[in-house]
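below are the sequence and a predicted model for it; my questions follow.
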Amino acid sequence: MGVITVLWEKWVEFRREFYKITVSAMISPLMYLIIFGLGIQTTSHGEPYLRFLIPGLVAMSTMNGSFGAITQNMSVQRLYEKALDQVMVSPTPLWQFILGQIIGGSLRGMYAGAVILLLTLPIRTGLVFNGWSLCVMFLNGTVFATLGLMLSFLAKTYSDAPRFTSFIIMPMSFLCNTFFSLDQMPGGFRQVIALLPLSQASGMLRSIAWGEPVGAGGALILLGYVAVFGLISVSFIYRKKNL
Amino acid sequence: MIELRSLTKRFGDFTAVDDLSLTIETGEFFGLLGPNGAGKTTTISMLSTVLLPTAGEILLDGVPLTRRASAQKRKLSVITQEYSMRQDMTLDQVMEYQGRLYLLPRKLIRARTEELLAFAGLSEYRRRTVRHLSGGMKRKLMICRALLTEPEILLLDEPTAGMDALSRRQMWNLLRQLHARGLTVLLTTHYIDEAQSLCGRVALINRGRLDAVDAPEALVDRLGRWAVDETSDDTLKSRYFRDRDAAIAFLRERPSGALRATTLEDVFVERIGRGVETRDNPRRPAGS
């Protein structure tokens, strides 16, 4: 029941901010598509670069959509509007509130990813996006919604949210298998980057899009992140002395 | 019944609430009175579980109040000092969100929203977002939101702060009506007239510690029902008397003095010892 309440609140926000959410989900991926895919018409492994780029952009948009939706919203609710107080005093179980936030954030991430898929639909790339792609997008969104939630509980001021984006999301966008393959990275660094969630999501989406088999390893890594960030978030909301 | 048992809250080296023990009976209108920074809001925040105590505990009807205690929290509604609402929601949405958080059926939420917004004179603004409401309207909306869930216990943190005199009186009347219906009310305020007018009992707290707790009249009686004010160039000194004749006899010796009835404010100034710069303190009651 508490999950539905949070999803309703997210839906109210989505309806109100529909145009802003949609346009902001489009802008940077569209720029990357134009610059790297159409402007600088290059190839990767003998294939048009767009075939490499599009799955990465979908993963990146899913990450940005989920993370942004939760971090910004929760930081403002907790630190500026104090609207989280209303939730804390209510009988809604707090784990349900957390779960609702995570699902709501994942759906927002999926929406951002779907916008990119729609934008690239007219481009004939031969890429395949199917139900498994949607599952990966949802899982990726879940990871970053949970991360966003955890960080928003750590935030001391509401200006921390953009800082988290600069320090965590921005480097991941550029390094994690979005624009270039991890194979080109030096050893050691490559293994670390490969373990990051966006690298896994990009890799899985790319494999599905290219019609290659996808192992369960990537999904397990993403589920591991969800479990760790989720447990920390639940622990915060139940145990943090000064929310 | 609300029981605070040795409630303590520290923020680093600063102790905001220090070993506070209180019992508030069911159906009571109780005031938590203290100067700014006394620990009133911290106490309310612990009652609403936003803050967790460093030590001690809170019991509602004998059951510890924790963040997991959904059944206990169902009994509470809080009106905070700040406008703790989603600023970009409309009034209808604020009410619906509250109703959903309290797991109320949607039909009931709609019916009560109609009734409460009409009662507060907010019906015509229901599609307006909170950020476009005046401060007074936001305060009224917070009351509507708190009452939507038909709580057994209403916690109010400085509910009339920043209100004009007319709105304050309207708020007092509303709170009296709610209390008459059997609601337990815990009010924090630094307006002494508010506490004296509304509360059956008050607790005076200062620097997080409980100073005194009793009915306002009993606290006044303890100090002395009659006061004689003596004004000099830069100070106002008050002497307190339990007996009117003793006060008048004292007044005869000091023609510049003025006789008046003692108020809760006198008790506050005497016990808390700050807040009114023109008075000397502490002083002891005089006379018989």
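Thanks, I have the structure now.

make it CA atoms for all contacts and neighbour counts henceforth
Fine.

strands of chain A, start to end?
A:43-44, A:47-48 (DSSP state E).

what do you get for the stretch 51-200 of chain B?
All strands of the stretch 51-200 of chain B, identified by DSSP state E, counting those that start in this stretch, fall at B:55-60, B:63-64, B:76-79, B:153-157, B:184-189.

just send those back as a markdown table, with mean neighbour count and distance to residue A:46 too.
Below are the strands of the stretch 51-200 of chain B laid out as a markdown table (neighbours: other CA atoms under 10 Å in any protein chain shown; distance: least, CA to CA, whole Å):
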| stretch | mean neighbour count | distance to residue A:46 |
| --- | --- | --- |
| strand B:55-60 | 18 | 67 |
| strand B:63-64 | 15 | 67 |
| strand B:76-79 | 25 | 64 |
| strand B:153-157 | 24 | 68 |
| strand B:184-189 | 24 | 73 |
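
among these, which is nearest residue A:38?
Nearest of these to residue A:38, taken as CA to CA: strand B:76-79 at 56.5 Å.

dump the C-alpha coordinates for stretch A:52-65 into CSV.
Provided in CSV are the C-alpha atoms of stretch A:52-65 (Å, rounded to 0.1, in the frame of the first residue of the first chain):
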residue,chain,number,x,y,z
PHE,A,52,28.2,0.8,-30.3
LEU,A,53,27.0,4.2,-29.1
ILE,A,54,23.2,3.7,-28.9
PRO,A,55,23.0,0.9,-26.3
GLY,A,56,25.5,2.9,-24.2
LEU,A,57,23.4,6.0,-24.4
VAL,A,58,20.3,4.1,-23.4
ALA,A,59,22.1,2.8,-20.3
MET,A,60,23.5,6.2,-19.5
SER,A,61,20.0,7.9,-19.9
THR,A,62,18.5,5.2,-17.7
MET,A,63,21.1,6.0,-15.0
ASN,A,64,20.7,9.7,-15.3
GLY,A,65,16.9,9.5,-15.2
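
distance from the chain centre to it, please.
9 Å (CA atoms, centre = their mean, to the nearest Å).

my read: residue A:95 touches residue A:234, true?
Yes. The criterion here is CA atoms under 8 Å, and residue A:95 meets it with residue A:234 at 6.3 Å.

now do the same contact list for residue B:31.
B:186-189, B:195, B:199-203 (CA atoms under 8 Å, 6 or more residues apart in numbering or on different chains).

name the nearest of those relative to chain A.
The closest of these to chain A turns out to be residue B:186 (CA to the nearest CA; 15.2 Å).

okay, that closest one: pLDDT?
If you check residue B:186, the pLDDT there is 96.

so who does it touch?
Per CA under 8 Å, 6+ apart, neighbours of residue B:186: B:29-32, B:153-156.

give me the beta-bridge partners of it?
In this entry, residue B:186 is beta-bridged to residue B:30, residue B:155, by DSSP bridges.

the helices in the chain, which residues?
Going with chain A. Assigned by DSSP state H, chain A shows helices spanning A:2-16, A:18-32, A:49-75, A:84-89, A:94-120, A:131-154, A:160-164, A:170-175, A:189-194, A:197-209, A:217-239.

other chain: chain B
Here chain B has its helices, by DSSP H, at B:40-47, B:70-73, B:91-101, B:106-119, B:135-148, B:165-180, B:192-198, B:216-223, B:244-253, B:264-272.

pretty sure residue B:236 contacts residue B:227?
No. Residue B:236 is beyond contact range of residue B:227, at 11.8 Å (criterion: CA under 8 Å).

okay, these two: which has more neighbours?
Of the pair residue B:236 and residue B:227, residue B:227 is the one with more neighbours under other CA atoms under 10 Å in any protein chain shown, namely 28 against 15.

list the contacts for that one?
Residue B:227 neighbours (CA under 8 Å, 6+ apart): B:238-241, B:247, B:259-262.

which of those has the most neighbours?
residue B:240 (28 neighbours).

show me what contacts residue 204?
With no chain named, the answer covers chain A. A:136, A:214, A:218.

wait, chain B was what I had in mind.
B:32-34, B:210-213, B:268, B:272.

Throw the residues you listed into a markdown table and include neighbour count and distance to residue B:15, thanks.
Below are the contacts of residue B:204 laid out as a markdown table (neighbours: other CA atoms under 10 Å in any protein chain shown; distance: CA to CA, whole Å):
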| residue | neighbour count | distance to residue B:15 |
| --- | --- | --- |
| B:32 | 27 | 18 |
| B:33 | 27 | 18 |
| B:34 | 26 | 15 |
| B:210 | 21 | 13 |
| B:211 | 15 | 16 |
| B:212 | 16 | 19 |
| B:213 | 18 | 21 |
| B:268 | 24 | 21 |
| B:272 | 19 | 17 |
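
narrow those to those in strands?
Per DSSP E, the contacts of residue B:204 map to strands at B:32-33, B:210-213.

burial count for residue B:233?
Neighbours around residue B:233, by other CA under 10 Å: 5.

for residue B:11, grab the count of nearby residues.
11.

beta partners of it?
What pairs with residue B:11, by the bridge criterion (DSSP bridges), is residue B:14.

tell me the contacts of residue B:120?
Here residue B:120 is in contact with B:140-141, B:144 (CA under 8 Å, 6+ apart).

and those, which is closest to residue B:105?
Using CA to CA, the contacts of residue B:120 come closest to residue B:105 at residue B:144, 17.1 Å.

okay, the residue of the stretch 1-150 of chain B found nearest chain A: pLDDT?
For the stretch 1-150 of chain B, the residue closest to chain A is residue B:70, as judged by CA to the nearest CA, at 4.2 Å. Per-residue confidence at residue B:70 stands at 92 (pLDDT).

follow-up on the earlier one: what's the closest of the helices of chain B to residue A:112?
Of the helices of chain B, nearest to residue A:112 by CA to CA is helix B:91-101, at 25.3 Å.

could you find the closest non-adjacent residue to residue B:114?
Distances taken as CA to CA, 6 or more residues apart in numbering or on different chains put residue B:123 closest to residue B:114, at 7.3 Å, once the chain neighbours are dropped.

typo on my end, it should be residue B:237
Per CA to CA, 6+ apart, closest to residue B:237 is residue B:230, 5.1 Å.

right, and that neighbour touches residue B:259 too?
No. Using CA under 8 Å as the test, residue B:230 is too far from residue B:259 to be in contact (9.3 Å).

and residue B:231, how many neighbours does it have?
15.

OK, contacts around it?
B:237, B:256-257.

residue A:116 contacts residue A:26, correct?
Yes. At 6.8 Å, residue A:116 counts as touching residue A:26 under the criterion of CA under 8 Å.

centroid residue for chain A?
residue A:63 (1.8 Å; CA atoms, centre = their mean).

coming back round to it: quick one, which of residue A:116 and residue A:26 is more surrounded?
residue A:116 (24 against 17).

quick one: contacts for the closest residue to that one other than its chain neighbours?
Leaving aside its sequence neighbours, residue A:116 sits nearest to residue A:58 (CA to CA, 6+ apart; 6.1 Å). Residues in contact with residue A:58 (CA under 8 Å, 6+ apart) are A:112-114, A:116-117, A:137, A:202.

picking up where we left off before, where's the residue nearest to residue B:237 relative to chain A, distance?
47 Å (CA to the nearest CA, to the nearest Å).
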